[in-house]
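>>> Quick one, fold the following:
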Amino acid sequence: MKFKKVTAVILCAAMTASACACNNTKKATEKIENLMEDYASSLRASEFDDILDMTSWDEDDKNYKKAQETFEFVNNGAKMYSYEAYILSTIEVNYESEDIEIDGKEASLKFEYELVDWQAVYRDPSEDVADVLAKLKNSDDTITVNGKLEFELVDGEWKISKISGLDKLFEYSDGYPYIAVVDNPVFPDPVETDFDDYFSEAIRSYIYLLERDDIRSSIKNIENNYMNMEACGLYDLDKDGVPELYFIAGDDTTVYTGSLYFYDYNEFAGEAVEVLAFPNVIYQAGDGGSFLVYTIKDGFVVQTANGGEMDWYVNTHVYGLDWFEQQNFAYKEELIFDGDDYDDCHMEYEYNSGSRAITEDDYENSIQTLISLANVVVINRYYISDNSTEAPLLQLPSVGTQTYEDTLDELYSML
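This is a model prediction of the structure:
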């Protein structure tokens, strides 16, 4: 009888413990579901700082910095296009409560993001950005992306400890919708300003920019650290009658790499503003990187290349006269080792148009088409041989670059 009583007590305790465990799991599940709801809501509203606040990371943590860099890239540094914000607003997070796996103070959840089928819209030629947005809003088609979150209990509150799948989710910001440029574009004048005044204000804004200590220093760092480097130039890329200012610069901590910047005068801002930037287009290591800029009938092309012995990347960006990127082509070659033997290896090649994989022939035809449309080479810091695809560019008029001092003198002469 004593044995039965003891057994009964043990069974009772076990049942109580089991009930408590189930109750705790249920509460944890509910809290994680609430966190997921906040996470999805913040994604849709592009409130990325709120998502970082939902994590268990400190600002100095590697995971925090990586997520922050991803969010900043999606925001394009300072702004988000209207169609990109709409794509974000369509995101739904789909999962079942039983998909949440809880193990003490840790948990994980595999789920699916569902969002508007931006890929189909990007591939379809559009008249302008407004047309892209309209097509997205009228689309009932969706795509799914796999995601995973990991959680941990911190001071009684569930926090996100790892986010997987963001790069795939944000692929729309890495590609560009195809916008067909019309002939003879019209540039409406936002205010009726005399062109001579407009031109003079633009030139003064470039002079002011170049004479800023930080800009002058960053350009001179490049000219002083690269042999025979002329880092500046002026050319009217958008064909509005006012030249744009472009230069290669690197700050004191990155004197062995140079980034390419384009500035245009903005009448609303009343100053020169950065309209394009290409980081680390040149560097003093390996093959050093290279870049090429040339105009076509209704826009211009910026092509960059970098890599080393193991890999090589070429990116070709096609811009309209409105500075909006219409197309992007990418080429990648990479040396893959099949075993421990250095000779046991092979090359792999990738060709893309935006985020879409294309064939080698499609890629080559696209680049050849752009080359055939070229009329002026603005910058040529590229390795062009007589039998290369870019060889026809060697026969075209070329603008090139000049020193910081010569550019400043030329600007003053325009006033």
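
>>> Which segments of the chain make up each domain?
Domain segmentation of the chain under automatic domain parsing yields 21-173, 195-414.

>>> Switch the ones you listed over to JSON lines; also include mean neighbour count and mean pLDDT.
No exception for glycine: its C-beta is placed from N, CA and C like everyone else's. Formatted as JSON lines, those follow (neighbours: other Cβ atoms under 10 Å; pLDDT from 0 to 100):
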{"stretch": "domain 21-173", "mean neighbour count": "15", "mean pLDDT": "87"}
{"stretch": "domain 195-414", "mean neighbour count": "16", "mean pLDDT": "88"}
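
>>> ok, residue 270 - contacts?
201, 205 (Cβ atoms under 8 Å, 6 or more residues apart in numbering).

>>> do residue 55 as well
Per Cβ under 8 Å, 6+ apart, neighbours of residue 55: 63-64, 67, 159-161, 163.

>>> ok, now residue 249?
Contacts of residue 249 by Cβ under 8 Å, 6+ apart are 215, 218-219, 221-222, 231, 258-259, 261.

>>> hmm, try it at 6 Å
By Cβ atoms under 6 Å, 6 or more residues apart in numbering, the contact set of residue 249 is 218-219.

>>> ok, what's across the strand from it?
residue 259 (DSSP bridges).

>>> next one: residue 313
With DSSP bridges as the rule, residue 313 is bridged to residue 306, residue 332.

>>> can you check the one 5 residues further on too?
Note on residue 318: beta-bridge partners residue 301, residue 327, judged by DSSP bridges.

>>> Distance of it relative to residue 369?
The spacing between residue 318 and residue 369, counted by Cβ to Cβ, to the nearest Å, is 10 Å.

>>> Would you map the strands across the stretch 301-415 of the chain?
311-320, 325-337, 345-353, 356-357, 376-381 (DSSP state E, counting those that start in this stretch).

>>> quick check: angle from the longest one to strand 311-320?
Okay, so that is strand 325-337. Using axes from the mean of the first three to the mean of the last three Cα atoms, to 10 degrees, the direction of strand 325-337 lies 170 degrees away from that of strand 311-320.

>>> Which members of the contacts of residue 55 occur in helices, if any?
In this view, the contacts of residue 55 that belong to helices under DSSP state H are 63-64, 67.

>>> I'd like those laid out as CSV, including distance to residue 83.
Putting the ones in helices among the contacts of residue 55 into CSV (distance: Cβ to Cβ, whole Å) gives the following:
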residue, distance to residue 83
63, 29
64, 29
67, 23
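
>>> May I have the residues that are in contact with the nearest residue to residue 236 once chain neighbours are set aside?
Distances taken as Cβ to Cβ, 6 or more residues apart in numbering put residue 243 closest to residue 236, at 4.7 Å, once the chain neighbours are dropped. Neighbour list for residue 243: 234-236 [criterion: Cβ under 6 Å, 6+ apart].

>>> just to revisit the earlier point, and which of the ones in helices among the contacts of residue 55 is nearest to residue 81?
Comparing the ones in helices among the contacts of residue 55 against residue 81 with Cβ to Cβ places residue 67 closest, at 21.3 Å.

>>> how close does residue 406 get to residue 230?
8 Å.

>>> quick one: residue 134 from residue 82, how far?
10 Å.

>>> Inside strands: which ones of the contacts of residue 243?
Cross-referencing these against strands under DSSP state E gives 234-235.

>>> May I see the contacts of residue 243 organised as a markdown table, with distance to residue 36 added?
What follows is the contacts of residue 243, written out as a markdown table (distance: Cβ to Cβ, whole Å):
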| residue | distance to residue 36 |
| --- | --- |
| 234 | 52 |
| 235 | 51 |
| 236 | 51 |
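
>>> and the strands of the stretch 301-415 of the chain as JSON lines, adding distance to residue 100?
Below are the strands of the stretch 301-415 of the chain laid out as JSON lines (distance: least, Cβ to Cβ, whole Å):
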{"stretch": "strand 311-320", "distance to residue 100": "40"}
{"stretch": "strand 325-337", "distance to residue 100": "38"}
{"stretch": "strand 345-353", "distance to residue 100": "36"}
{"stretch": "strand 356-357", "distance to residue 100": "35"}
{"stretch": "strand 376-381", "distance to residue 100": "53"}
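
>>> looking at those strands, which is closest to residue 276?
strand 311-320 (7.6 Å).

>>> And that closest one, what does it pack against?
strand 299-307, strand 325-337 (3 or more Cβ pairs under 6 Å, 6 or more residues apart in numbering; DSSP states H and E).
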